[in-house]
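Colleague: mind looking at a prediction? Sequence and model below.
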Amino acid sequence: MDLIQGKVPGLSITRVDGNNPNAGASFQMRGITSISGSQSPLIVIDGVPGGNLDLLMQDDIASIDVLRDGSAAAIYGTRGNGGVILITTKRGRSGEPQFNLTTFAQRDYVAKKPRYLTADEFRKVAPNYDEGSDTDVYDMLLNKDNLSQYYTLNASGGTDKSNYRAAVYYNKGEGIAKRNERDQYGGRINVNANGLQGKLTLQTNLAVNFNKADLLGGNNGDFEQAVQRNPTSPLMKDGKYVNPSGYNVYNPIGRLEQELYYRDQQTLQGDAKLSLELVKDLRASVFGGISRNTYNNRQFRTKDSKSSIDSYEGRGYAYKGNFMLLEKTLDLTLDYVKTINDDHRITAVGGYSYFFSTTETYNMNNSGFLTDGFQDWNMGNGLFLREGKAGMGSAKSEYALIAFFGRVNYSYRDKYFAQAIFRYEGSTKFGPNNKWAPFPSVSVGWNLHEESFLKHSSFVDQLKLRVGYGVTGNSGFASYNSMVLLGTGGAYPLDGLFPKQWALPAIPTRT
C-alpha cells in the first residue's frame with residue numbers, strides 16, 4: 001500500500017513498527033469517523049470486500065481506486081464510513097505466452113541510534129551502582145546481517161476467447177531486530193473465458209498465501225529496556241541469564257533466548273463472476289467469493305525466564321492458539337449501458353448482495369513442566385492442569401449482511417456528470433430497532449479541462465469540480481454488542497463443594 005502513499009488527498013498510511021515484516025500498515029482516510037467503531041477504509045480486492053493484503057504482490061496490482069467521499073462510498077453502506085479502497089488485479093491477455101521474473105533485495109540499517117550512557121559514562125555519574133560489566137544491549141538487539149529477498153514469476157497468454165495469468169512468489173523478510181522475520185510463499189491465478197459470441201463471460205480468481213513468522217523480536221519494550229538499563233549490569237552469571245533488580249526492568253537478550261513465539265498462517269481467496277447479455281445493453285451477473293484466513297500461534301517460556309519466574313512459579317509456560325476467519329460473498333446484479341448520439345451515456349446497476357462472516361478461536365495454556373526439552377509439544381503434562389491453574393478458551397462469532405442497491409451514472413460529452421445511489425442494507429450486528437437503514441447519495445461533476453478555455457492549456461492536464469452528498473454507516477465493531485449476553489464467572493458449588501474441595505484423581509506411582 002506504500003504505492004499510493006502521498007497520492008490520495010486525505011489518505012494517511014502509517015507503519016508504526018517501521019520495517020517489521022510482520023506488522024501491517026494502518027489506514028485513515030476520512031479523519032476520525034467513529035469513537036468506538038472502525039476508522040479504517042474498506043479494502044475490496046477483485047470485488048471481495050474485506051480483502052486480505054497478504055494475498056497481494058506489487059506485480060499483481062493492475063489498478064487502485066479510492067472512494068473517499070460519502071457520495072461515492074454510500075454504495076457500500078455500513079462498511080463505507082472510512083472510505084473504500086478498490087484493488088483490481090491483473091488479468092490475462094490474448095497472445096503468445098509471456099513470462100516475467102521480478103526480484104529485488106533490501107537491506108536495513110540504523111541511521112541514528114538514541115543517545116544513552118556507555119558503561120564508562122555511567123560509572124562516572126553513578127559509581128555506587130557499578131556492577132562490573134560493559135554491555136551495549138541496543139547494539140546486541142540489532143540484526144546487522146538482515147537481508148530481505150523477493151522473487152515473483154508470472155506467466156500470461158491465451159486467445160480472444162480464453163486467457164490466463166498465473167503468478168508464484170517467495171518472500172523472505174528480515175527485520176532490523178533479531179528474532180523478527182517472515183517467510184512466505186504463494187500464488188495467484190486468473191482465468192477468463194467467453195462464449196456465445198461474447199455474450200457469456202466467466203472470470204475466476206484464486207490466490208493463496210502461506211507464511212511463517214517469528215514474532216518474538218521487534219518488541220518496542222526490548223529497545224526501551226536497552227536505553228534505560230544500567231550498562232554495567234551483566235547479562236549472564238555462571239552461564240545463566242540474569243535480570244537486573246528494579247521496577248519494570250528485565251534482560252531483553254535473555255528474553256530472546258528463553259522464549260519463543262511463532263505463527264503459521266494460511267490465507268486463501270477465491271471468486272468467480274458469470275455474466276450473460278440478456279438483450280442489447282443489458283447484462284446479468286452472478287458473483288461469488290470466499291476468503292479464509294487461519295493461523296496457529298505457539299508460545300513457550302523456559303523455567304528460567306523472567307516471565308515464568310514472575311507469573312508461573314518458575315515452572316515454564318506453554319501456549320497454543322488457533323484463529324479462523326471465513327467470509328462468503330454473493331452478488332446478483334443487472335448492468336445497463338446505453339450511449340445516445342455519442343453525447344449521452346447512461347450506465348446503471350442494480351442488485352442484491354449477501355455477506356456472511358464466521359470467526360472461531362481456540363486457545364490453551366499450561367505450566368508446571370518438569371523439563372524445557374519438549375517446549376510447547378508436551379502440553380498435557382504440565383502440573384498446572386492437575387492443580388486447576390491451566391487455561392483453556394474458545395469462542396465463535398458470526399454476522400450477516402444483506403443489501404439491495406442501485407446506482408445510475410449519466411455523462412454528457414464527458415464534460416458533465418451526475419450520479420445517484422441508493423442502498424438499503426440490514427446487518428445482524430445492529431439492534432432489532434435499527435437493523436435496516438437506507439444509504440442514499442447524489443453527486444454532480446464538471447470536467448473543466450474539457451472546456452474550450454482550458455482544453456488546450458499547457459499547464460492544466462486535468463481539472464474537475466465535483467459536489468456530492470451521501471450517507472454511510474459503520475459496522476466495524478464486534479458482533480452481539482446490541483444484545484444482552486449470558487456469561488460465566490466465579491466459583492460455583494458442585495454437590496455442595498467448591499472447586500478447591502473437589503477430589504482430584506490420584507496420581508499413579510511406581511516403585
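Modeller: Sure, I can see it.
Colleague: what's the mean pLDDT across stretch 48-61?
Modeller: Here stretch 48-61 scores 86 as its mean pLDDT.
Colleague: can you give the distance of it from its chain's centre?
Modeller: Average the C-alpha atoms of stretch 48-61, do the same for its chain, and the two points are 10 Å apart (CA atoms, centre = their mean, to the nearest Å).
Colleague: and for stretch 178-192?
Modeller: Centroid displacement of stretch 178-192 relative to its chain, using CA atoms, centre = their mean, is 14 Å.
Colleague: report the buried residues of it.
Modeller: Going by neighbour count (16 or more other CB atoms under 10 Å), the buried part of stretch 178-192 is 178-182, 184, 186-192. From N, CA and C alone the C-beta is placed, and that goes for glycine too.
Colleague: would you reformat those as JSON lines and include distance to S36?
Modeller: Written out in JSON lines, the entries for the buried residues of stretch 178-192 read as follows (distance: CB to CB, whole Å):
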{"residue": "K178", "distance to S36": "37"}
{"residue": "R179", "distance to S36": "34"}
{"residue": "N180", "distance to S36": "31"}
{"residue": "E181", "distance to S36": "35"}
{"residue": "R182", "distance to S36": "31"}
{"residue": "Q184", "distance to S36": "33"}
{"residue": "G186", "distance to S36": "35"}
{"residue": "G187", "distance to S36": "38"}
{"residue": "R188", "distance to S36": "36"}
{"residue": "I189", "distance to S36": "40"}
{"residue": "N190", "distance to S36": "39"}
{"residue": "V191", "distance to S36": "43"}
{"residue": "N192", "distance to S36": "43"}
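Colleague: tell me the one of the residues you listed nearest I346?
Modeller: N192 (26.4 Å; CB to CB).
Colleague: CA atoms of the one helix or strand that closest one maps to as CSV?
Modeller: Assigned by DSSP states H and E, N192 belongs to strand 181-195. Taking C-alpha atoms only, strand 181-195 is exported to CSV below (Å, rounded to 0.1, in the frame of the first residue of the first chain):
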residue,chain,number,x,y,z
GLU,A,181,11.4,-12.3,10.3
ARG,A,182,8.8,-13.8,8.0
ASP,A,183,8.9,-16.4,5.3
GLN,A,184,6.1,-16.5,2.9
TYR,A,185,5.2,-18.1,-0.5
GLY,A,186,2.0,-18.3,-2.5
GLY,A,187,0.5,-17.7,-5.9
ARG,A,188,-2.4,-16.2,-7.8
ILE,A,189,-4.2,-17.5,-10.9
ASN,A,190,-6.8,-15.7,-13.1
VAL,A,191,-8.7,-17.3,-15.9
ASN,A,192,-11.2,-15.6,-18.3
ALA,A,193,-13.3,-17.2,-20.9
ASN,A,194,-16.2,-16.1,-23.1
GLY,A,195,-18.7,-17.8,-25.4
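Colleague: parallel or antiparallel, which strands does the helix or strand just after it pair with?
Modeller: Under the assignment DSSP H and E, the closest C-terminal helix or strand after strand 181-195 is strand 200-214. Neighbouring strands of strand 200-214 in its sheet, by DSSP bridges, are strand 181-195 (antiparallel), strand 259-279 (antiparallel).
Colleague: just the buried residues of strand 200-214, please?
Modeller: Neighbour counts over strand 200-214 (16+ other CB under 10 Å) mark 201, 203, 205, 207-209, 211, 213-214 as buried.
Colleague: repeat that for stretch 35-49.
Modeller: Residues of stretch 35-49 classed as buried by neighbour count (16+ other CB under 10 Å): 37, 39-49.
Colleague: take those and keep only those in strands.
Modeller: Applying DSSP state E to these, the entries found in strands are 42-45, 48-49.
Colleague: how about the residues you listed in TSV, adding distance to D372?
Modeller: Conversion of those to TSV gives the following (distance: CB to CB, whole Å):
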residue	distance to D372
L42	45
I43	42
V44	47
I45	43
V48	44
P49	45
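Colleague: so which of these is the closest to S291?
Modeller: The nearest member of these to S291, counting by CB to CB, is V48 at 6.0 Å.
Colleague: need the phi and psi values for the closest residue to the closest one other than its chain neighbours.
Modeller: With CB to CB, 6 or more residues apart in numbering as the measure, G289 is the residue that lies nearest to V48, at 4.0 Å, once sequence neighbours are left out. G289 has phi and psi values of phi -140, psi 150 when expressed as degrees, to the nearest 10.
Colleague: same check, this time on S133
Modeller: phi -110, psi 170.
Colleague: how many other residues sit next to it?
Modeller: Here the count is done by other CB atoms under 10 Å, and S133 has 14 residues near it.
Colleague: can you check S353 too?
Modeller: 21.
Colleague: cool, and L334?
Modeller: Counted with other CB under 10 Å, residues neighbouring L334 total 15.
Colleague: what's the answer for R298, then?
Modeller: Close neighbours of R298, defined as other CB under 10 Å, add up to 16.
Colleague: which element is it on?
Modeller: Under the criterion of DSSP H and E, R298 resides in strand 282-301.
Colleague: can I get that strand as CSV, trimmed to CA atoms?
Modeller: Listed next in CSV are the C-alpha coordinates belonging to strand 282-301 (Å, rounded to 0.1, in the frame of the first residue of the first chain):
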residue,chain,number,x,y,z
LEU,A,282,-28.5,-5.3,-20.6
ARG,A,283,-26.3,-7.9,-18.8
ALA,A,284,-27.0,-10.1,-15.8
SER,A,285,-24.2,-11.3,-13.5
VAL,A,286,-23.7,-13.6,-10.6
PHE,A,287,-20.6,-13.1,-8.4
GLY,A,288,-19.4,-15.3,-5.6
GLY,A,289,-16.4,-15.0,-3.4
ILE,A,290,-14.9,-16.7,-0.4
SER,A,291,-11.9,-15.9,1.8
ARG,A,292,-10.4,-17.9,4.6
ASN,A,293,-7.7,-16.8,7.0
THR,A,294,-6.3,-19.2,9.5
TYR,A,295,-3.3,-19.2,11.8
ASN,A,296,-1.8,-21.1,14.7
ASN,A,297,0.2,-19.4,17.4
ARG,A,298,2.6,-21.2,19.6
GLN,A,299,4.5,-19.7,22.6
PHE,A,300,6.9,-21.1,25.1
ARG,A,301,8.9,-19.7,28.1
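Colleague: quick one: that strand to strand 200-214, angle?
Modeller: Angle between the axes of strand 282-301 and strand 200-214 is 10 degrees (criterion: axes from the mean of the first three to the mean of the last three CA atoms, to 10 degrees).
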